[in-house]
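> mind looking at a prediction? Sequence and model below.
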Amino acid sequence: MDMLMEYVWAFLIGGLLCAIGQVLIDLTKLTPARILTSYVVAGVVLGGLGWYQPIVDLAGGGATVPLTGFGHLLAKGVRKAVDMNGFIGIFMGGFTSAAVGISAAIFFGLVAALIFKSGSKINEA
Amino acid sequence: MNISNQEYGKLAKRHSHPSAMYKTIPLAFVIGGGICVLGEALLNMYQAFGLDPDESGMWTSMTLIFLSAMFTGLKLYDRIAQHAGAGTLVPITGFANSVVSPALDFKSEGYVLGLGAKMFVIAGPVIVYGISASIVYGVIYYITTLF
Amino acid sequence: MAICEGKTFKFGNASISEWASVVGKVEGEGPHGDEFDEVLEDNKDNMDTWEQAEAQLQKKALQHAMDKAKLCPEKMDLIFAGDLLNQCTGSSYGLKEFYIPFLGVYGACSTFAECLLLSACMVNAGYVDNCSAVTSSHFSSAERQFRFPLNYGGVRTPTSQWTATAAGAAILNSALKPPYIRAGTVGKIQDMGITDLNNMGAAMAGAAYDTISRHFKHMGTHPESYDVIVTGDLGQVGSDMLYELFQRDGVSLKEHHQDCGLLIYDRERQDVHAGGSGCGCSASMMCAHFLDRVKSGELKRILYVATGALMSPTMVQQGGSIPGIAHAVEISYT
C-alpha cells in the first residue's frame, strides 16, 4: 500500500508541476525556454530555503524529475561542497551535482545527432 | 489607418482565441505525471539493485535523458509534445530534448560550428541561470556558516 | 498631414500565360491536394538539407511552368523571385541553373503578389516578353530559421500558423488571353504594434484592410465587384479581424472572401492551428486553384491580396513590433 501511495504522490506532484507550467504557457507570453529557466531557478531558491526537500520526501520522482528538482539538486550540491571545502565549494557544488545530467545530455545528444536525421513526424504525417 | 494601435490591439486580442485550457492542462498533468511515475519506478528499481538514494537519482536522470534522446532522434518526442505541452517540457526529459534537438538539426551546418556550437542554443540559459543562482545561494550559505 | 494614398496601377496588356505549383506531403493531403502539379513524396526531396529542398521546390515549380508554356530558359527574359529565408536562399540557389536574368524580392508572405505586380509592370511596359514570378516556402527551413529546431517539443499556440511547404511559378507575357492582370496596388508598411511572434494573422490584417480599401477606392469597386477576394495567408485570426475592420466602415467582406491559409489545409483533420502561411502558400493556391478558374471563365474577376508579416526575429527579441504589408493584384477573365 505504501508503495502504491508513493506512485500516487509522484504522479500528483509531478503532474501538478507540469500543469503549472502549462498554465504559464497558456496565460502568459512566457516562451518554453523561459519556463525551463524559471523552473530551475525556482528549484534553487526553494531548495536553498529548505522548502523543496519535504516535497522530495513525499513525492520522490514527482519532485526530482521536473526541472525544479534539478534546481534543488544544484542547491543541495552547493551546500554540501561549502560544508566540505569552504569558500571554493560555492563554485564547485553546482556543476558537481549536475554533472550526470549535463554530461548525459551532451553525450546522448551527440550520439543521437550522429545516428539520426532531423525532421519532424508532424511534418510528414 | 482609421484605427489606433491600442484599439487594434484590443481587436487582435478579441479574435485570438486562447488555448483550450480544459484540454491542455489535464494533458500536461497526466503526461507530465506519467513521466514522473516512470522516474519513481526507475528510482525504486536502482535502489533495489543496492544503490544508495543519491546514486539511484543519478542513474534515473541518466536513464530518462537517454530515453528522451532516443525519442527525440526517432522524431517521437516533438509529436508527443504537441499534445503534452508543458507535460514533456518541465521534466528533465524536456531539458534533454532541448539539447538533443538542436544537435540533430544543426548537424547540417557541420559538426563543430553546427552540432557542437548550437547544442545549447535553447538549454544554455537553463545552465547559465541555474548555476548562477546556485552560486548566489552558495555565497549566502557560506556567510551563514561563518557565524 | 495628408496621408499618401499611393496609386493603383492599371495594365492594358499583361496576361498570365502559364503557371505551376509544387507542394509538400502535408499540403498534398489537404483538400486541394489533387490540383497541384506535383506533390513531393518526401519533403526533403532526396536533398541533403531542408534549404536545398526548398531551392529544389522553386526549381521544379518554374520548370513545370516553362514546360507547360513550352518555353526554354533562353526564351525567358526575367525572373522576380523570393522566399522567406535569409538572403533569399531558396530563390538564389534554386534558380541559379536556369541562367535567366534574376531579381530577388523579399516581401515575406506577400512576395508572390509583389512578384506578379513587378512582372506585370515589366511586361506591360514592353521591356520583356516573358517574365516569371516564383516564390516558395518550406516548413522545415522556416522553422529552423524563425522558430525552433524541428524535433524540439516547443508548444504551438492556437494563433500560430503553419508554414506551407509549397512553391508557385507564373509566367507573364502580353499574349491576349485570360487570365489578365488588370490592376495592382502596392501596399504600405503598416505597423499595428503587434509583438506576438505566434500571431502573424493579427500583424497582417491591418495591412490587408488598408490595401484592399485603397484598391476599392481607386478602382471605384466594392466587394460585390469581385467573384472572390483572395487573401494570402491571414489565417483564422487575421481573416476574422479583416471582416471586423471592414464592418466598421459598413462594408461586408465575408461573403466575398477566401483565404489561402485556410484553404490549403483541412483544419479539422490537419493540426495546423490558425491556418497556413509562407510565400509558397498563396503562390501554390493561386497557381493550383484560382488561376485555372479565371482562365476558364468560372471566375470573372478576382482580387488577390497577398499579405506578409515583415518580421525580424532580432527586432522582436529587442522588443520591437511586427510590421505587416499587403499587395493587391486584380486578375480578370476579360
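Sure thing, it's come through.

> give me the buried positions along whichever helix in chain B runs longest.
Longest helix of chain B, by residue count under DSSP state H: helix B:21-48. Across helix B:21-48, burial judged by 16 or more other Cβ atoms under 10 Å in any protein chain shown covers B:24-25, B:27-44, B:46-47. From N, CA and C alone the C-beta is placed, and that goes for glycine too.

> and stretch C:29-47, by the same measure?
C:30, C:32-33, C:35-40, C:43-45.

> please apply the same query to stretch C:86-103.
For stretch C:86-103, burial by neighbour count (16+ other Cβ under 10 Å) applies to C:88-95, C:98, C:100, C:102.

> show me where the stretch 201-334 of chain C has strands.
Counting by DSSP state E, counting those that start in this stretch, the stretch 201-334 of chain C has these strands, from start to end: C:228-231, C:257-259, C:276-277, C:301-309, C:323-332.

> now swap in chain B and tell me
Read by DSSP state E, chain B holds no strands at all.

> re earlier: ok, is the longest helix of chain B in contact with chain A or not?
Yes. Helix B:21-48 reaches chain A (Cβ under 8 Å from any Cβ of the partner chain) through B:21, B:24-44.

> what is that helix packed up against?
Here helix B:21-48 touches helix A:2-27, helix A:61-64, helix B:53-73, helix B:77-84, helix B:86-89, going by 3 or more Cβ pairs under 8 Å, 6 or more residues apart in numbering or on different chains; DSSP states H and E.

> relative to helix A:2-27, how tilted is that helix?
Orientation check (axes from the mean of the first three to the mean of the last three Cα atoms, to 10 degrees): helix B:21-48 against helix A:2-27 gives 140 degrees.

> coming back round to it: near chain A, from the buried residues of stretch C:29-47?
Among the buried residues of stretch C:29-47, the ones lying near chain A by Cβ under 8 Å from any Cβ are C:43-44.

> the buried residues of stretch C:29-47 in helices, which ones?
Among the buried residues of stretch C:29-47, no member falls in helices (DSSP H).

> closest to chain B out of the buried residues of stretch C:29-47?
Using Cβ to the nearest Cβ, C:Lys44 is the member of the buried residues of stretch C:29-47 that lies nearest chain B, at 10.7 Å.

> which residue sits closest to the closest one, ignoring its sequence neighbours?
Among residues not flanking C:Lys44 along the chain, C:Ala53 sits closest, at 4.9 Å (Cβ to Cβ, 6 or more residues apart in numbering or on different chains).

> ok, A:Leu30 next?
A:Leu24 is the one closest to A:Leu30 (Cβ to Cβ, 6+ apart), at 5.2 Å.

> got a list of what that neighbour touches?
A:Leu24 makes contact with A:30, A:35, B:86, according to Cβ atoms under 8 Å, 6 or more residues apart in numbering or on different chains.

> among the buried residues of stretch C:86-103, which ones are in strands?
With DSSP E as the criterion, strands contain C:Phe102 from among the buried residues of stretch C:86-103.

> burial check on A:Ser103, number of neighbours?
When counting by other Cβ atoms under 10 Å in any protein chain shown, one arrives at 13 neighbours for A:Ser103.

> that one in helix, strand or coil?
Following DSSP: H, G, I helix; E, B strand; the rest coil, A:Ser103 is assigned to helix.

> how much space separates it from B:Leu42?
18 Å (Cβ to Cβ, to the nearest Å).

> for B:Ser108, same thing?
Taken as Cβ to Cβ, the span from B:Ser108 to B:Leu42 is 34 Å.

> can you check C:Glu224 too?
Taking Cβ to Cβ, one finds C:Glu224 at 67 Å from B:Leu42.

> can you tell me which residues contact C:Val272?
For C:Val272, the contacting residues are C:161-162, C:265, by Cβ under 8 Å, 6+ apart.

> go on, C:Gly126?
Residues near C:Gly126 by Cβ under 8 Å, 6+ apart: C:Ser174.

> list the contacts of whichever residue of chain C sits closest to chain B.
Closest approach between chain C and chain B, counting by Cβ to the nearest Cβ: C:Gly153, at 2.7 Å. Counting by Cβ under 8 Å, 6+ apart, C:Gly153 makes contact with B:77-78, B:80-82, B:84, B:88-89, B:94, B:97, B:101.

> likewise C:Tyr180?
Listed by Cβ under 8 Å, 6+ apart, the contact set of C:Tyr180 reads C:11, C:13-16, C:331-334.

> tell me how chain C divides into domains.
Here the domain parsing of chain C from automatic domain parsing is C:9-173, C:180-332.

> with mean pLDDT and distance to A:Val56 added, can I get those in JSON lines?
Listed next are the domains of chain C as JSON lines, based on pLDDT from 0 to 100; distance: least, Cβ to Cβ, whole Å:
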{"stretch": "domain C:9-173", "mean pLDDT": "94", "distance to A:Val56": "25"}
{"stretch": "domain C:180-332", "mean pLDDT": "94", "distance to A:Val56": "35"}
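
> make CSV out of the ones you listed and add distance to A:Asp57.
As requested, the domains of chain C are exported to CSV (distance: least, Cβ to Cβ, whole Å):
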stretch, distance to A:Asp57
domain C:9-173, 30
domain C:180-332, 40
